[in-house]
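*Asks:* Coordinates only, no sequence provided:
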């Protein structure tokens, strides 16, 4: 950009006055312990310093998100490989989109179950709607232990019951995702049918939102 262009003049004045985006940028560098001198006479050094700052900020944000994720009510988070990104459309061209959707829901415990990660710990009606094991219906119960869904596990995953180690293995290995996605799709449809046909509306509080909507 020519030296006299208006955007360049404004940018240099912002730097000299240490206001607006320049103040935010220098503050960000200080918080993350990065070098950024902001010297207009050494503009050639800015790209390297800014690249380093972006890398450090991204790494810090990722670490913070992982810490927060570990603190959620998702029982599988502490065991999983958090470097796997099933929602990355560019890196994963092998698995169909609908499979990746189900993997993402299972890995993140995002299914609308009675004891989902967004349910209050003291909320009523957290028990499984399908079986009589008197267990809370979270992602571990749905994916691994609910006896009503064991036929789907046996058909697609080769076992009627899964322990947490097996669940994590299936969710962390892309070659298993097709089978896992097929299980989740058909098991969820069956759950939805049973819940709507039989026991859901007998005890569901009137103020509770309907969580049986189709999500496939």
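*Replies:* Here it is on my side, so go on. Treat the numbers as computed from the prediction; the structure is a model and nothing was measured.

*Asks:* can I assume residue 38 sits in a helix?
*Replies:* No: applying DSSP: H, G, I helix; E, B strand; the rest coil, one finds residue 38 to be coil, outside a helix.

*Asks:* burial count for the closest residue to residue 139 other than its chain neighbours?
*Replies:* For residue 139, ignoring the flanking residues on the chain, the nearest one in space by CB to CB, 6 or more residues apart in numbering is residue 109 at 4.1 Å. Where C-beta positions appear, they are placed from N, C-alpha and C, glycine not excepted. When neighbours are defined as other CB atoms under 10 Å, residue 109 has 22 of them.

*Asks:* ok so residue 109 is a strand residue?
*Replies:* No: when classified by three-state DSSP, residue 109 is found to be coil rather than part of a strand.

*Asks:* Now do it against residue 76, distance only.
*Replies:* In this structure, residue 109 lies at 7 Å from residue 76, with CB to CB, to the nearest Å as the measure.

*Asks:* contacting residues for residue 165?
*Replies:* Residue 165 sits next to residue 79 when contact means CB atoms under 8 Å, 6 or more residues apart in numbering.

*Asks:* do the same with the one 3 residues further on
*Replies:* Residue 168 makes contact with 76, 79-80 under the criterion CB under 8 Å, 6+ apart.

*Asks:* Run the chain-centre distance for stretch 190-197.
*Replies:* The gap between the average C-alpha position of stretch 190-197 and the chain average comes to 26 Å, counting by CA atoms, centre = their mean, to the nearest Å.
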